[in-house]
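S.K.: have a look at this prediction, sequence included:
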Amino acid sequence: MPTRPYVIDQLISAKSIAARIEELCHEIHDEFRDTDKLVVVGLLRGSFVFIADLVRELDLPVEVDFIEASSYGNSTESSREVRILKDLRGEIHDRDVLLVEDIVDTGYTLKHVIGLIKAKGPARMKTIALLDKPSRREVDVRADWTGFEIPDEFVVGYGIDFAQRNRNLPFIGKVRFLEEE
Ligand code: IMP
Ligand code: MG
């Protein structure tokens, strides 16, 4: 549970997210239109809302799988050490994979998971992140598709949490701590 009092200011509306997902799905569709073996892999837990909207907008035969990596614990600082808490259930060898992440921040998580998936020998792998904070990057990695680039703010909502709270907000908001004003 968060300990310091904070408020949430809207940064990206639910309507803007939906419009952006529609655009992205056109591009994803073009990339994967020739395949019937696409596996959409969500990185838990932050991508669960994004992946739900994404696959429903994507007019392709897909399978859905999940992988869980540890990240922030209960703080707003990245741990840099990525641990896999839950691996994929299905086989992705020789399959086409779309990896879905909520935010690329320092980049450690995405880089680590890309390596892990590549080691399983997919036919093709692409990555999509809803949000990207390029100014925070510490390792060289980029998603093939990005929903929105955002400044260095701690955000919540649309699946994304602060100490496990606020995942159920329909929009993306930024956390503003009250004591810091
Ligand atoms: P990275 O390994 O530093 O790139 O961190 C990626 C993970 O940290 C994301 O998948 C998120 O789960 C989490 N994260 C990064 N920035 C934020 C944020 O602003 N709010 C909530 N979680 C975040
Ligand atoms: Mg995450």
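M.R.: That came through fine. All values reported here derive from a predicted model rather than from experimental measurement. Ligands and ions are numbered 1, 2, ... in the order given.

S.K.: going by proximity to ligand 2, name the top residue of this protein.
M.R.: Scanning the chain for the residue nearest ligand 2 gives residue 46, at 3.7 Å (criterion: CB to the ion). Every residue, glycine included, has its C-beta placed from N, CA and C.

S.K.: number of nearby residues for that residue?
M.R.: With neighbours defined by other CB atoms under 10 Å, the count for residue 46 comes to 25.

S.K.: which residues touch the residue nearest to it when sequence neighbours are not counted?
M.R.: For residue 46, ignoring the flanking residues on the chain, the nearest one in space by CB to CB, 6 or more residues apart in numbering is residue 102 at 3.3 Å. With contacts defined as CB atoms under 8 Å, 6 or more residues apart in numbering, residue 102 is in contact with 43, 46, 47, 50, 129, 130, 131, 159, 160.

S.K.: these in helices, which ones?
M.R.: Helix and strand membership here follows DSSP state H; of those, those in helices are residue 50.

S.K.: any stretches of the protein with poor pLDDT?
M.R.: Segments of the chain classed as low confidence (criterion: pLDDT under 70) are 2, 71-79, 180-181.

S.K.: show me the strands in it, by range?
M.R.: Counting by DSSP state E, the segments of the chain that form strands are 6-12, 38-44, 62-69, 84-86, 96-104, 124-132, 145-149, 155-156, 172-177.

S.K.: for the protein, what's the longest helix?
M.R.: Longest helix in the chain, counting by DSSP H: helix 14-32.
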